[in-house]
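# when you get a sec, could you give me coordinates for this:
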Amino acid sequence: MSQHPSSKPSAHWLADIDSLDREGLIERLRSMAAELDLAHDRERALIDDLTGLGNRRDFVRQLDTLFSQHQRNDLPASLILLDIVQFINHQAPSAGDRVLRAFSDCLRETLRGMDMSFRIADHEFAVILPDTSVNGASAVADKLRLAAAYFLVEDAEASTTFDVSVGVDAFRVEDETPNAVVQRAYEALDESRAAQADWGGPVVRLITKRKGF
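So this is what the prediction gives:
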């Protein structure tokens, strides 16, 4: 799950607080509250309302940061893209949202604390895996596929089947921007989608396509 540091008052707010009179202290506390509210607003702007995961804006920010670290220190990092296609046999209005929330819970329960997960489009999710090779990311993708079957196969109000397509890739030495790994992961995801489309018919199907070996 995407992690955001807790908002804390800056050190200068507390440095001379003992020297303030009552009015000065009240004004300082008001300013501190305003600063914290602004920080919380910025943090909320990075969260997907439905799932509580990071949103696409947060995904881009975190990927840029990790790519910079990769360029400086040659640290491995991988990306998993996941696309959930839902088929509701007995339509219930909230069934689709429940599937997305359940899959978000699957990511939270399955991933390591250092991993970051995001909802980047309607039914597309991304997982950034720091300090992970493409082989390691492929193993994580397999784990997520298996976990998804347990989290998503039953629905309380509707008979729901689903497809999970997965594309996996990792940063490479020749990459000039983080967009390179995103493009390769999407190519792998498209191949996974195409393989599922060839099967035809809504059933629970979980396929992973790896790139970068």
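
# for this structure, what helix or strand is lowest in average pLDDT?
Least confident element among the helices and strands of the chain, by mean pLDDT, DSSP states H and E: strand 205-210 (a mean of 45).

# Thr132: neighbour count?
Neighbourhood size, Thr132 [other C-beta atoms under 10 Å]: 23. All C-beta atoms are positioned from the backbone trio N, CA, C, and that covers glycine.

# and the gap between it and Tyr150?
Applying C-beta to C-beta, to the nearest Å, the value for Thr132 to Tyr150 is 23 Å.

# same question, Val166
Using C-beta to C-beta, Val166 is found at 16 Å from Tyr150.

# which one's more surrounded, those two?
Each of Val166 and Tyr150 has its neighbours counted (other C-beta under 10 Å); Val166 has more, 28 against 12.

# and this protein, what are its domains?
Per automatic domain parsing, the structural domains of the chain span 17-44, 56-210.

# need the helices for this protein, in chain order.
Taking DSSP state H as the test, the helices found in the chain are 11-15, 22-44, 56-73, 95-110, 134-152, 179-199.

# show me the shaky parts of the protein.
In the predicted model of the chain, residues 1-44, 86-95, 152-161, 196-213 satisfy pLDDT under 70.

# and if we set it to 90?
Scanning the chain for pLDDT under 90 picks out the ranges 1-46, 70-75, 84-103, 122-123, 142, 145-165, 190-213.
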